[in-house]
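**Q** Compute the structure for the input listed below.
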Amino acid sequence: MEYAQEVLDRTTGQLKTQSLGDWITVTELGLRHGAGKRSVRAVLHHMGVLAREGRCYRLSRHLVEVGFGMRHDFPRSGHAFDVISPKGQETIASLWSAAVQDYQESQKQSSLVPDIRAALVTFATDRLEPMTAQEEACWVLDHFQDVDHLTIAKVLEVSPALVSRYAKKRAKDRAACERRKQDVLPVNTGLDVRMGKWASSGSIYIGE
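**A** Next up, the predicted model:
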């Protein structure tokens, strides 16, 4: 549907109609990309274009402010709906293929949640002490390396931000461990390095 606005013509002092281009509904946008009503909303929500409001997906108010589209919250008839501006359509079109692929991949990973959770429970039952959330996150990161943080968050029922924090600490600890492995005692230091009486524990006794 073509939208227009009235602007003041400063040369004549009269109002004139100015076209804003073809604005389309979310459903119409989906048809252009071969997606149904539910699919287009799921993908746009994944992209961050639509936000969850109650039972519906609605155009983000921030995107309305930047000219991405318009919200019709109180239409004269029917339910509230949104329309996407030409600017919004162009941006979505440029990102659509990548967004669909990423969305489908995230759906596949989400289907792994029950399997990952079952594997974690099986591992945890053999431990003497209960695992902390950090230990659980590190275990999943070790054994399911291709799974993203959002999926791990669903498995552990924590926030993705917390999983990311645990992952960063894990990476930092591993890097420190690798550095320690590379540290070698200097040769000919005059120190007598030999296994002491605690050799059964793997301890090293260093004496002069």
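**Q** distance of residue 83 from residue 26?
**A** Using CB to CB, to the nearest Å, residue 83 is found at 8 Å from residue 26. The way it works is simple: take the backbone N, C-alpha and C, and place the C-beta from them, glycine included.
**Q** quick check: mean pLDDT across stretch 63-83?
**A** For stretch 63-83, the mean per-residue pLDDT is 90.
**Q** buried sites along that stretch?
**A** By neighbour count on 16 or more other CB atoms under 10 Å, the buried set for stretch 63-83 is 63-64, 68-70, 81-83.
**Q** Run through this protein and note the low-pLDDT ranges.
**A** 1-21, 184-208 (pLDDT under 70).
**Q** Tell me who's in contact with the residue nearest to the spatial centre of the chain.
**A** Nearest to the mean C-alpha position of the chain, counting by CA atoms, centre = their mean, stands residue 150 at 5.8 Å. Residue 150 is in contact with 106, 109, 160, counting by CB atoms under 8 Å, 6 or more residues apart in numbering.
**Q** same thing but at 6 Å, please
**A** Shown in contact with residue 150 (CB atoms under 6 Å, 6 or more residues apart in numbering): residue 160.
**Q** Please apply the same query to residue 43.
**A** Contacts of residue 43 by CB under 6 Å, 6+ apart are 99-100, 103.
**Q** before we move on, what about residue 166?
**A** Contacts of residue 166 were listed using CB under 6 Å, 6+ apart, and they are 134, 137.
**Q** can you list the domain ranges for the protein.
**A** Following automatic domain parsing, the chain resolves into domains at 2-102, 113-182.
**Q** what's the distance between the longest one and the middle of its chain?
**A** To tie it back to what came earlier, the one meant is domain 2-102. Averaging C-alpha positions (CA atoms, centre = their mean, to the nearest Å) puts domain 2-102 23 Å from its chain's average.
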